[in-house]
Structures are given as C-alpha cells and as structure tokens.
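S.K.: coords below, sequence missing:
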C-alpha cells in the first residue's frame, strides 16, 4: 500500500476553504491527509457579504450567519483544521512548515506560552490572501483609524461608531463603497474620498460614476472625487481629514471634513511574505508567480487566491480564487485542469444601487463601438461595447450597468460565448428591450463565482431531477455565492422544459389553468364569494382537493368569511372542516390560543379541568401553547364551550394561517432584555390571528440579542435592539429549515407593524399554494431585495393598499369556535354518525402510559370517515 501524502494549506479564507472542500468532494482525501492552518480565530466566512455582519451582529449571530463551515470542522476526519495559528517559516529543503499557535490551542498556557510546532508536507498550498493597503498618510495610526477586511475590523469599527457622529472612507472602489454602506448602517454621517475622478474607477466610466454618485448622495453619502488625502487630523484620536484637489502640489488650498472614524479601503496587496522568505519567485507588483496549474517555482508548492499571481497578474475577486483551488486539486489528481485567466465581471448592490461591469467595459478593443442609454432622471446608465465580426454581425465585448442591472445575467455570458447580437442590439438595454431573447451556447458560463456553465445546469435538470432554482443551486452551487446569476438560472430551467415539450404548467390544478396569485386577483376584481361561480367563470369540472382548499383560503383571506359558511364548508380539508387537527386514531386535538405564551393561573386551571373532565392527553407545544389530544368529534363543541367561556379562542392549529408568535420574557423580567417582547408578541398575535395564508405562519419576538424566542427560525421574527426592533423574514423549521434574514433594522413599533402588514399581505397575495415564506422569497425575481423594495421602499406604490387589506382583516376577525357554537347549522356537522348523533365511534380506543391516554390506531379506517 502506498504511503499517504500530506498536504498543508496555509490560510483558511474563502479560497483555502474551497480547496479543502474540493479535496473532499473529488476524492483527494482518499490518498492525502490535509492540514489547514488558519490565522483568524474562526473558520472561513463569507467576505463577499462582510457588510451584512453588522445586521446579523445586532441579534448576536454575526459570525454564525457568515460562516462557511458551520460547526467549525470538516466532516471528513482526514481534513484537520487549526485556527488562530500562524505559519512563520517554510523550509523547502526539509519540506516543513513552522506553526505558532496561541496557548489556548495546545492546553496549559504556563507550559506552552505560545506553542511552536513543525509539520512535514509533501504538498504545500499557499492561500494567504491579501492585506489592506494603507497609504502613507500622516495620522494613519491615530485611534479611530481602521481597515475593512476581517470580522475583527468590523467589530472595532462598530465599537468606535457608538460614540461617533461622522465617518470617512478613503477609497471609492468596490470595498470602499461596502465600507461606506457599513458606516451608514451604523448611523454615521458618511463621506467617501476617492483620488480618481469617479467612483469605482476600475469598473465604471465617467458617466456611470456620475450616475452612481447621484444615487448614493440621495442616500446621504457625500462623495469627494478627484482629491488627495493630505492628513488624518487629531492628537490621540481622529478629529477629521484634510484633503486637496488631485493634481495640485502640497501647499495648495485644502478642505477639512470632520470625522471621528476613518476607514482605509484603498486597495489590497498580496500577502506573499512567506514566499519571499523561502525564495519563491514573485511577480514585479507582488504575488507569488505560478504557472497554469498554480505551481510556484518550487514544484511541491502551489499558490491560490489573492496571494497568487498567474502570469504576473493578481486577481482580487473570489471567483478566480475558487477556480485556482479547483485547478490545484485537479493537478494533484493528475488531471488536465489549467488556470488561464478569469472573468472579472462584477454585479452587486452598493448602498442599494445595482451596479454591474463586465468584459471590455472601457472599449479598449480596437475598432470597438459603444451603445449607450442614459436616463439621468431615473438614475439609469447602460453601456454595451460591441465589435463587428468577419461575418458582418456584431458581438458583445462588455458593458456597464448602473441603476438597473437586470440584464446582467443574460449579457455577461454573451461576452464569453461570442454569440452574434440581433440586428438591433440597442434593444438589449433600452427600457422596451426586455423581450429580446437570445440562445446561449452550452459552454457559456452562467455562474462565474462557481464556474457553472449552461451545460452544468441543464445536466442538473435532465440527469439529476432538478426542477427549480433551489434544486439547481444545491446540485451545482450556481447562484449560491453572490446570487447575481439566479434570474438566468431560473430562465434556463423554464426554457429547457418548454423546449422539450414539457409544459411548465403553473396552473393551480387540472381544473384551473390560473396560478394561485392569478386566482387571488380574479376573486378580488370580480368579488366572487362562491367556489361554483369561480370554477364556472375561470375553470372546468367540479374541483378537487387541491383547488378547493386553496380557493377556500383565498375567500377567507379576502372576505373574513367563516370557513364553515354554506358554500365554503365543503371546500375545506379535514382539519379546517372540523376546526381541529385529526390524529392517527381518528380523534382530534384542540389547541386554544395563548398569545405570546402568556397565561394566567386561572386559565391554566381551566385547561387542566377540561383535560381531566374529557380525559384528554396534554402536551406543551414548541409554540408556547398547550395541546389537548384525544377529543372525539362529537366532544369538540363541548370542549370549545368550556374554553370559550373561560376567555379562550381558537388557536388555528388546524389552518393554513397564523399559529403563534413566540416570545421570551423580555425587559419585563429578564436582566438582559431591552424591549417588551411579550407585549409586542401578544399585540402581533392578536393582530394577525385568523389570517388565512398559502401556508402556516409562525412568528417570534426576542427581547434582546440572546434570541431566546428563536425568532430567526420563524416566518417573521422580531429582535429587540437599543434603538427599536430588527425585523427578519423567511425563516422556518421543519424538514427544510431556513434562517430568517434581515428586512429592516432599528425600526420603531409603528413602522415595524406597518412593514409586517405589508409583508404578510404581499405574501398572501403572491405566494403559491402551500409555499412557505422562505421558498416564496427564494423564488421571487430579486429575492429578499425585491421584498424589501415592495415592503420597505414601497417601489410599487402598494404600501397603503396592503396595509388597508390588513386593517380590513383585523376589523373583520371573529373567533371560529365561538361563531360555530352560536350557529346550530354549523354545530350539526359535529357528529360521528348522522343517524345516531350520541353514539361514539366504536373504532376509537386508548391505552394508558405515563398516567395519560395513548391512542390505539384502528386496523382500518371506516369508509366515509375523515382521512
């Protein structure tokens, strides 16, 4: 048996992590042991989304939300991760690395005050990344000066901003504008200083830069372009920044901007010190020189990511680093993979503005031409760079999009594919040009972050059974890093099914060709109140167990009609039909509402007495309620009567509607609480109770960042802050758990309720049947950003209308249990045998375990009984 090889990876950033991931996935660990040494105290995290740490940190899980390795260890035991440790020396002759680890990593701090260990390697992979460049500006070492690279940097900026009023970012590139966004989120008066005549000078031309400036200045950010930083002013701490016009000599008139926080974001430099110290070849402008397989001048050492310089060029984006990691794994498996360059295209949302740059954005190709569309009023700038081919047609070379980057997913792959443009290429960027559709070759790269082609996506659809975007993401990783390619992925999936004759039927069922959203609108416009009228006008047949409950839900959500009213009762599924949940032995469970989990001793006693008198099994639920199991159908009204008389009402555990709003005790009792979480949870639960929706809804309110109510595992979650509330949406537990994401931060209670009204009614209006909020958001074009545009920014002008719909629901609410008890016609359905209403179901029986009843399931459920 051959000896196992040893790989040491220096660096556990995004690229080092991708190498370890690929080593496991592609079988390299079958023959190699991998040691990964990370300098930071935490495992790799998503630097692309670094700014989102601030919103996540508000509820205490900033690190967890960004981590790329939940749990901090790889599933494969042959990959070992050592964190908070530094490789200080590489001995190429002996093939060893020296690692210095802090005392906590080795045990007794007295015996090991900074442990030094030596590790042998057969293969060494340098993934040390890059370091922020801080220009030699006087005052750069003052307290209040920071760089923007790691979570520790962000923690320090957050702490300093707590007592600051104004902040300045030096550098107006991609990362500089991300840093500016962070300062805005922290509530600082924010300035951006850029020595070039425009923002994002590497990606944007002058016109695009001007458009971007107008956008961010509307958001309260002041841009200073074409200026040089003269000095960071202050004695011990920063008090301001002095600058002068670019192109002028020292001594020229200067301008001072007051600030207490200065963030340097003036570019990055490769961290190639280890390579220099062990005499590896480095590029003239820095970075470890590597060949097409990312090998350095020492065949046993590879370099990947920002520390590497293939052909003398450093790549500062994550996608080229990922590609290099895959190439090295391929090389170690004796594969043919090579790195010959990378797509440096960029699409992101900066301070809420869509910006994209791809290909030859500056028309440097000889004889290239530019097509430009600019709308200064709308804040939109689009440019395509094209060239004429030998065949006389035009092909796309590159472009710039600011303010509206929706076409990026289609345009960027056209650059690499060389696809001929239509006769009127300007239609690709004009507002009316959205209908232009172009074929994309199979080898066109759709996801540049993860190097996923159109062929990869189609393979996932045709061979791996993927039928939607979420499944394709899981199979290929397309859209899982920056997300800019998700619309293109969605289009490819839908177009494939259409091309092979598989109708992408979005109809509700065989009886309705309309979607649930379309049916919702039809009911709203025509004012229908009966299923028969709807199916006669817009469907066929008599309906089924798919469309009937869905339309019943639509009718209930629009009209507040009782679900057992004549004309709708027959539409309900088994649970709604009896206002209780059927269990495995044909009995039902009863769940009274306990808003916010708060209950008096008197009400607790009533529940206990009801359970005792009706011999029911009792259990406390995860939603802070008490579930009563084992009720026979004919017993339900009597149980409800006892509960309603004591002040309870239906908890809607049986319906696709709001279940609970869970809470912690908040500032009322907890020494950590900063807001009254119980009071808000009760108010929200009473506001949204009975709201019929496409799927069940759950909420949570936590009184501080410790998050004891698990609000981020709910469809809507609220977490208290010192300034108000953070609102999260799109979470759920269950078989496919999802973490809720921040929709709005530090809002007051009135604004919170307004946003929640809009969010819930937007979901009720537009989601598909049985679609949870997490899936609905995922499948919306634009995802959470689109939800934020509609709910927070009111981009569609629907805010007042959605709030009015919620107000109508609140005003029309009535308890379904009480209404049933007051209506003899509704009560008449609660019998097991119509011809013998007082006779219990003989198939229902129980045993006893742990002093409570337990069901004995019948061998066969009688025909006609609820299923």
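M.R.: Cool, the structure landed. Keep in mind that what you see is a predicted model, and the values were worked out from it rather than measured.
S.K.: For residue 747, which non-adjacent residue is spatially closest?
M.R.: Spatial nearest neighbour of residue 747, excluding adjacent residues (Cβ to Cβ, 6 or more residues apart in numbering): residue 724 at 5.3 Å. C-beta: built from backbone N, CA, C; applies to glycine.
S.K.: Next up, the contacts around that neighbour.
M.R.: Contact analysis of residue 724 by Cβ atoms under 8 Å, 6 or more residues apart in numbering lists 675, 746-749, 751-752.
S.K.: So which of the residues you listed belong to helices?
M.R.: 749, 751-752 (DSSP state H).
S.K.: Backbone dihedrals for the residue nearest in space to the middle of the chain, please?
M.R.: Residue closest to the average C-alpha location in the chain (Cα atoms, centre = their mean): residue 741, at 5.9 Å. Here is the backbone geometry of residue 741 (degrees, to the nearest 10): phi -120, psi 150.
S.K.: so how many other residues sit close to the residue lying closest to residue 712 once chain neighbours are set aside?
M.R.: The shortest distance from residue 712 to any non-neighbouring residue, by Cβ to Cβ, 6+ apart, is to residue 740 (4.4 Å). If you count neighbours by other Cβ atoms under 10 Å, residue 740 ends up with 26.
S.K.: go on, residue 129?
M.R.: 24.
S.K.: Can you read off the pLDDT for residue 572?
M.R.: On pLDDT, residue 572 comes in at 61.
S.K.: In three-state terms, label residue 77 for me.
M.R.: Put simply, residue 77 is coil when judged by DSSP: H, G, I helix; E, B strand; the rest coil.
S.K.: Neighbours of it, how many?
M.R.: 9.
S.K.: all helices for the stretch 401-550 of the chain, in order.
M.R.: Ranges of helices in the stretch 401-550 of the chain, per DSSP state H, counting those that start in this stretch, are 408-417, 454-462, 469-476, 486-499, 516-526, 531-538, 547-559.
S.K.: can you pull the buried residues of the longest one?
M.R.: Of the residues in helix 486-499, those scored as buried under the neighbour-count criterion (16 or more other Cβ atoms under 10 Å) are 486-493, 496.
S.K.: Now do that helix against helix 454-462, angle only.
M.R.: 60 degrees (axes from the mean of the first three to the mean of the last three Cα atoms, to 10 degrees).
S.K.: Next: the third one.
M.R.: Orientation note: helix 469-476 sits at an angle of 110 degrees relative to helix 454-462 (the same axes, to 10 degrees).
S.K.: what separates the residue nearest to residue 747 from residue 752, distance-wise?
M.R.: Here the criterion is Cβ to Cβ, to the nearest Å. By it, residue 724 lies 7 Å from residue 752.
S.K.: Next: residue 822.
M.R.: Between residue 822 and residue 752 the distance is 35 Å, computed by Cβ to Cβ.
S.K.: Neighbour count: the two, which is higher?
M.R.: Using other Cβ under 10 Å, the more surrounded residue of residue 822 and residue 752 is residue 752, with 21 against 11.
S.K.: show me what contacts that one?
M.R.: 718, 724-725, 727, 744.
S.K.: quick one: which of those is most hemmed in?
M.R.: Neighbour count (other Cβ under 10 Å) singles out residue 718 as the most crowded of the contacts of residue 752, with 31 neighbours.
S.K.: Using the record's assignment, carve this protein into domains.
M.R.: Annotated domains of the chain cover 5-131+270-332, 134-266, 516-578, 579-650+815-867, 656-814 [automatic domain parsing].
S.K.: Mean confidence (pLDDT) on the second one, please.
M.R.: Per-residue pLDDT over domain 134-266 has a mean of 92.
S.K.: Next: stretch 546-553.
M.R.: So the average pLDDT for stretch 546-553 ends up being 81.
S.K.: Okay, buried residues for it please.
M.R.: Those would be 547-553, for stretch 546-553 by 16+ other Cβ under 10 Å.
S.K.: Pick out whichever of the contacts of residue 724 sits closest to residue 134.
M.R.: Residue 134 lies nearest to residue 746 out of those, by Cβ to Cβ, at 31.0 Å.
S.K.: which residue ranges form the strands in the stretch 501-650 of the chain?
M.R.: For the stretch 501-650 of the chain, the strands defined by DSSP state E, counting those that start in this stretch cover 581-582, 588-590, 617-620, 626-631.
S.K.: Now mean neighbour count too, for the ones you listed, in JSON lines please.
M.R.: Below are the strands of the stretch 501-650 of the chain laid out as JSON lines (neighbours: other Cβ atoms under 10 Å):
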{"stretch": "strand 581-582", "mean neighbour count": "19"}
{"stretch": "strand 588-590", "mean neighbour count": "24"}
{"stretch": "strand 617-620", "mean neighbour count": "15"}
{"stretch": "strand 626-631", "mean neighbour count": "21"}
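S.K.: Of all these, which one comes closest to residue 645?
M.R.: strand 588-590 (14.4 Å).
S.K.: quick one: the residue nearest to the centre of the chain from residue 551, how far?
M.R.: 31 Å.
S.K.: Go through the domains of the chain and find the least confident stretch.
M.R.: Mean pLDDT values for the domains of the chain show the minimum at domain 516-578, a mean of 76.
S.K.: That domain: how far from the chain's middle?
M.R.: 33 Å (Cα atoms, centre = their mean, to the nearest Å).
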